[in-house]
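In: sharing a sequence plus its predicted fold:
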Amino acid sequence: MKKRNKDKKNIRILITLIVVIIVAVGFVVFTRGSNSPDGNSLQSTILNTDSWKTFQAGEGTITFKAPTDFIPEDGEEVFSLNIPETKPYFETHLIKEARIDVVFHDKCTAIPSNPENRAVSTTDVVLNGTAFTKSIFEDAGAGNAYKTTEYAVLKDAKCYEISLFLHSTNGEALYTDKVSQIKKVDAQHSKDIENMEKLFESVVGSSIFVK
């Protein structure tokens, strides 16, 4: 009798251990799955550029990689990639226009500054072994906000200026007076801009200059 009770107790302990192990394994799998970036998310695009498309500009003198859903537009002295104003790049309705421009000419020119409502910051950066001059230009007016981030480099007597242009509505307060909604949308918009600038840096870093 005592042996049967002991056997039942051991079986219960064994079952409990098995249940605990199953729950633990399930939790680990779920946690990893929830923390892993979606294949269609912006974060995964930034981390993995293998699926990006290679574009050419400047009569083939520069190549770079960008997401396949960026729409190319080739001009005489500028090559542009129009960025979708929707997910996974932008989560709010505040963005109005987003594009990457590649301008190529004989001389690098600084972005003009205006002490009234424009701010310009310039730094020297190195991306993938290439030294660029990075400039940031911001402007606002009539309910609109504009930001241009530019990387300029002189290669073989030709200046390449690769820039990200972002035009957005100047805040959710233009649409509602609900403080919680304003904070939520504006915070998401700031995050979208930050993520897009990281993606753009990856685009610039993939640049290859061909003689």
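Out: Right, received. Where do you want to start?
In: looking at this protein, which helix or strand is least sure?
Out: Taking mean pLDDT, DSSP states H and E as the measure, helix 42-47 is the helix or strand of the chain with the lowest mean score, a mean of 41.
In: next helix or strand past it?
Out: Per DSSP states H and E, the first helix or strand lying C-terminal to helix 42-47 is strand 53-57.
In: could you pull out the strands for this protein?
Out: Secondary structure of the chain by DSSP state E: the strands cover 53-57, 62-66, 71-74, 78-82, 95-105, 119-127, 130-141, 144-155, 158-169, 208-209.
In: where does this protein have low pLDDT?
Out: 1-13, 17, 19-48, 109-119 (pLDDT under 70).
In: what residues are bridge-paired with the nearest residue to residue 148 once chain neighbours are set aside?
Out: Nearest residue to residue 148, sequence neighbours excluded (CB to CB, 6 or more residues apart in numbering): residue 137, at 4.4 Å. For every residue, glycine as well, the C-beta is placed using N, CA and C. On the basis of DSSP bridges, residue 137 takes part in beta bridges with residue 120, residue 148.
In: in this structure residue 137 contacts residue 145, no?
Out: No: judged on CB atoms under 8 Å, residue 137 makes no contact with residue 145 at a distance of 11.8 Å.
In: circling back to that earlier point, and the residue nearest to residue 148, how far from residue 182?
Out: To residue 182, residue 137 is 26 Å away according to CB to CB, to the nearest Å.
In: neighbour count: the two, which is higher?
Out: residue 137 (21 against 16; other CB atoms under 10 Å).
In: so what's residue 80 bridging to?
Out: Beta bridges link residue 80 to residue 73, residue 101, judged by DSSP bridges.
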